[in-house]
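Trainee: A structural model of the following input is requested.
(2 chains)
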Amino acid sequence: DSGVTQTPKHLITATGQRVTLRCSPRSGDLSVYWYQQSLDQGLQFLIQYYNGEERAKGNILERFSAQQFPDLHSELNLSSLELGDSALYFCASSFLAGAVNEQFFGPGTRLTVL
Amino acid sequence: EDKVVQSPLSLVVHEGDTVTLNCSYEVTNFRSLLWYKQEKKAPTFLFMLTSSGIEKKSGRLSSILDKKELFSILNITATQTGDSAVYLCAADPSSYKLIFGSGTRLLVRP
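Mentor: Numbering: from 1, shown residues only, chains lettered A, B, ... in the order given. As a prediction, this is how the structure comes out:
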């Protein structure tokens, strides 16, 4: 158990809908990262927040957005869902923003878009 | 464009065998390389390598980095069925993200 929690574990929804994925980092960690893992793409970095501020953006679609709240939990919002958005979404946390430190991953949310 | 390539894509061995997993990278401002093990759930951290030629060990697993040739290897000796997983390597390009390879799927048969 990494100490990073994610809810829900599974989510099944329809195309065009909007969902929110939630992540709580390890105690003391200030950075939260979101990754998407699909069968054909591997782990793709989406976005990172550090202490409430967005620090880096990766391959995140405009239909997706995220935020980190004062208590450091983070939410990833996915809207106008398409079939291709079906994937595992992981949240990871680390103490520092970009120094040499490992990231600890949560158990993931499996999103299925029908 | 930064990239990380792992080989082989998959590997099937028998218990007791030794395996070597490869990871090569082309990353600007390279800072470190990380190995993760992913079973059915989240990737779990194995090693972080920042210096060339210094082997890191944890039980039957070991890893080393070659910053001149831009690759790393992960060795697993005396493999067990519990080692079956996808092994991911990731490069840290001195930014706020990790660049992951596509992974090596290892299956250890009894």
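
Trainee: what does chain B put close to chain A?
Mentor: By the rule Cβ under 8 Å from any Cβ of the partner chain, the part of chain B lying against chain A is B:31-32, B:34, B:36, B:41-45, B:48, B:50, B:88, B:90, B:92, B:94-103. Just so you know, the C-beta spots here come from the backbone N, C-alpha and C atoms, and that holds for glycine as well.

Trainee: A:Gln36 against A:Ala87, yeah?
Mentor: Yes: the pair A:Gln36 and A:Ala87 passes the contact test of Cβ atoms under 8 Å, sitting 5.0 Å apart.

Trainee: what about A:Glu75, neighbour count?
Mentor: Residues lying near A:Glu75 (other Cβ atoms under 10 Å in any protein chain shown) number 16.

Trainee: what about it, helix or strand, and which?
Mentor: Assigned by DSSP states H and E, A:Glu75 falls within strand A:74-78.

Trainee: list the helices and strands that strand packs on?
Mentor: Under the contact criterion of 3 or more Cβ pairs under 8 Å, 6 or more residues apart in numbering or on different chains; DSSP states H and E, strand A:74-78 touches strand A:19-24, strand A:31-38, strand A:42-50, strand A:64-68, strand A:87-94.

Trainee: again, only this time at 7 Å
Mentor: On a contact count with 3 or more Cβ pairs under 7 Å, 6 or more residues apart in numbering or on different chains; DSSP states H and E, strand A:74-78 meets strand A:19-24, strand A:64-68.

Trainee: For A:Ser31, give me its contacts.
Mentor: A:Gln48, A:Tyr49, A:Tyr50, A:Ser93, A:Ser94, A:Leu96, A:Ala97 (Cβ atoms under 7 Å, 6 or more residues apart in numbering or on different chains).

Trainee: ok, how many other residues are close to the residue nearest to A:Ser93 when sequence neighbours are not counted?
Mentor: In space, and not counting its chain neighbours, A:Ser93 is closest to A:Pro25: 3.3 Å by Cβ to Cβ, 6 or more residues apart in numbering or on different chains. By other Cβ under 10 Å, 27 other residues sit near A:Pro25.

Trainee: Against B:Ala85, how distant is A:Pro25?
Mentor: 24 Å (Cβ to Cβ, to the nearest Å).

Trainee: go on, B:Ser95?
Mentor: Distance, B:Ser95 to B:Ala85, using Cβ to Cβ: 27 Å.

Trainee: And for A:Leu114?
Mentor: Going from A:Leu114 to B:Ala85 by Cβ to Cβ gives 29 Å.

Trainee: before we move on, back to that, tilt between the strand holding A:Glu75 and strand A:87-94?
Mentor: Relative orientation of strand A:74-78 and strand A:87-94, computed by axes from the mean of the first three to the mean of the last three Cα atoms, to 10 degrees: 160 degrees.

Trainee: In the sheet, which strands lie alongside strand A:74-78, parallel or antiparallel?
Mentor: The strands that strand A:74-78 pairs with in its sheet are strand A:19-24 (antiparallel), strand A:64-68 (antiparallel) (by DSSP bridges).

Trainee: quick one: contacts of stretch B:103-110?
Mentor: So stretch B:103-110 is in contact with A:42, B:6, B:8-15, B:19, B:21, B:79-81, B:83-88, going by Cβ under 7 Å, 6+ apart.

Trainee: Give me the mean pLDDT for the helix or strand containing B:Ser63.
Mentor: Taking DSSP H and E as the criterion, B:Ser63 maps to strand B:61-66. Averaged across strand B:61-66, the pLDDT comes to 96.
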